[in-house]
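S.K.: I need the structure of the sequence given here:
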Amino acid sequence: MTDAENGLPLKGKVAIVTGSVAGIGRATALALGRDGASVVVNGRRSVAAAADAAALVEKAGGRALVHMADVSEPAQAARLVAAAVDGFGRLDILVNNVSHRIAKPIEEIGFDEWRDVQASTLDAAFLCIRAAVPHIKAAGGGSIVNIGGVSGHAGVKNRAAVAAAKAGLAGMTAALAVELGPANINVNCVSPGSIDNYRSAAAMSAHFLDRPPPMGRMGRVDEVPRWYAICAGRPGATSPGRRSMSAGRGMFRSPEPGISQGRRRHVGQPGLVPGRDGLPWSKTNTGGRHE
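M.R.: Numbering: from 1, shown residues only. Model prediction:
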């Protein structure tokens, strides 16, 4: 019986999850560990929280190590990738989860705040991908999963900085899917919607308050990694460049094999009309249409 048949489709694989000490990042690290992967847990401030997350990964059945780094800094991002290869001998999966957020009117956003959001989201993903790609190629291929956001696809008030960073992440995903596909590297962007995590209800955007999840509740952090696990190597993960949104329980759909590169699909908000509810019709760089 194969490892996949034993419920361990990622056994022998090595993954990095940036910003994995809490919330969606930690849930993703746990899901990967549960599937048999060795996981590098990354945090920036709390060594104790990172150690707790690593212990949970090991309890779930995976192996884990902790590497603290600010991945918006080139040298630290490179050292994170080196720690994975030194510790586990290879690298197959990179999940770019870390991101800072602010919610302010555009005229109140300081340039330092703007740069912090871009650096923690777009710059960090670029730096980690640049460092990781040679090792993923050496492993024979693998997966890169970028964690986007609904604000990068739909108009969300007071989220200009986050929207710019997440939209850039989606664009980079499509470009890298084309560039890295021949090297057997899947590159995908998944954009969680309304998720009940450690942030307070007061931090929720009016975008979500006006559009409650169809299932009647917010999604849970442990539900989001279903998408990431699919993109990171579960059977059927053959949809490079896909940018998928998910919002609310039960709003996750597995990518269909052979989906067009760069195609964008809005998942989880039935009834929203492209061209009216912040979901514009437009063509992607590869000619796919929004659906």
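
S.K.: where does the stretch 51-200 of the chain have low pLDDT?
M.R.: Confidence mapping of the stretch 51-200 of the chain against pLDDT under 70 gives the ranges 150-153, 193-200.

S.K.: which stretches of it form helices?
M.R.: 74-88, 111-118, 124-138, 160-180 (DSSP state H, counting those that start in this stretch).

S.K.: any idea how far residue 27 is from the closest residue to residue 50 other than its chain neighbours?
M.R.: Nearest residue to residue 50, sequence neighbours excluded (C-beta to C-beta, 6 or more residues apart in numbering): residue 43, at 4.0 Å. (Glycine included, C-beta is placed from N, CA and C.) From residue 43 over to residue 27 the distance is 14 Å, taken as C-beta to C-beta, to the nearest Å.

S.K.: just the buried positions in stretch 65-84, please.
M.R.: With burial defined by 16 or more other C-beta atoms under 10 Å, the residues of stretch 65-84 counted as buried are 65-72, 76-81, 83-84.

S.K.: re earlier: so which of the helices of the stretch 51-200 of the chain gets nearest residue 57?
M.R.: With C-beta to C-beta as the measure, helix 74-88 is the member of these nearest residue 57 (12.5 Å).

S.K.: now for that closest one, which elements pack on it?
M.R.: strand 14-17, strand 38-43, strand 63-68, helix 124-138 (3 or more C-beta pairs under 8 Å, 6 or more residues apart in numbering; DSSP states H and E).

S.K.: which residues does residue 13 contact?
M.R.: Residue 13 sits next to 36-38, 92-93, 142, 233 when contact means C-beta atoms under 8 Å, 6 or more residues apart in numbering.

S.K.: and which of these is nearest to residue 148?
M.R.: Of those, the one sitting nearest to residue 148 (C-beta to C-beta) turns out to be residue 93, at 17.1 Å.

S.K.: for the closest one, give the beta-bridge partners.
M.R.: For residue 93, the beta-bridge partners are residue 15, residue 143 (DSSP bridges).

S.K.: give me the neighbour count for it.
M.R.: Residues contacting residue 93 under the criterion other C-beta atoms under 10 Å number 29.

S.K.: ok, now residue 47?
M.R.: That count, for residue 47 with other C-beta under 10 Å as the rule, works out to 11.

S.K.: re earlier: can you pick out the most distant pair from the contacts of residue 13?
M.R.: Distance extremes for the contacts of residue 13: the farthest pair is 36 and 142 at 14.5 Å, using C-beta to C-beta.

S.K.: how close does the residue nearest to residue 50 sit to residue 69?
M.R.: Distance of residue 43 to residue 69, computed by C-beta to C-beta: 8 Å.

S.K.: repeat that for residue 98.
M.R.: The gap separating residue 98 from residue 69 is 10 Å, by C-beta to C-beta.

S.K.: shared neighbours of these two, anything?
M.R.: 42, 44.

S.K.: rewinding a little: wait, the residue nearest to residue 50 sits on residue 71?
M.R.: No - under the criterion of C-beta atoms under 8 Å, residue 43 is not in contact with residue 71, lying 10.3 Å apart.

S.K.: so how do I select the buried members of the contacts of residue 13 in PyMOL?
M.R.: In PyMOL, a selection of the buried entries from the contacts of residue 13 looks like this (16+ other C-beta under 10 Å):
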select buried, resi 36+37+38+92+93+142+233
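
S.K.: which one of the contacts of residue 13 is nearest residue 160?
M.R.: Looking at the contacts of residue 13 and their distance to residue 160, the nearest is residue 93, at 31.3 Å (C-beta to C-beta).

S.K.: verify the stated contact: that closest one with residue 12.
M.R.: No - judged on C-beta under 8 Å, residue 93 makes no contact with residue 12 at a distance of 11.5 Å.

S.K.: what lines up beside the longest strand along the chain in the sheet?
M.R.: Counting residues, the longest strand found in the chain (DSSP state E) is strand 185-192. Next to strand 185-192 in the sheet, as set by DSSP bridges, lie strand 142-147 (parallel), strand 243-246 (parallel).

S.K.: keeping just the C-alphas, turn the helix or strand hosting residue 25 into CSV.
M.R.: Using DSSP states H and E, residue 25 sits in helix 23-34. Output of helix 23-34 as CSV, limited to C-alpha atoms (Å, rounded to 0.1, in the frame of the first residue of the first chain):
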residue,chain,number,x,y,z
GLY,A,23,-4.2,31.2,12.8
ILE,A,24,-4.3,30.0,9.2
GLY,A,25,-0.5,29.5,9.0
ARG,A,26,-0.5,27.2,12.0
ALA,A,27,-3.5,25.3,10.7
THR,A,28,-1.7,24.9,7.4
ALA,A,29,1.4,23.6,9.0
LEU,A,30,-0.7,21.1,11.0
ALA,A,31,-2.5,19.9,7.9
LEU,A,32,0.8,19.3,6.0
GLY,A,33,2.2,17.5,9.0
ARG,A,34,-0.9,15.3,9.2
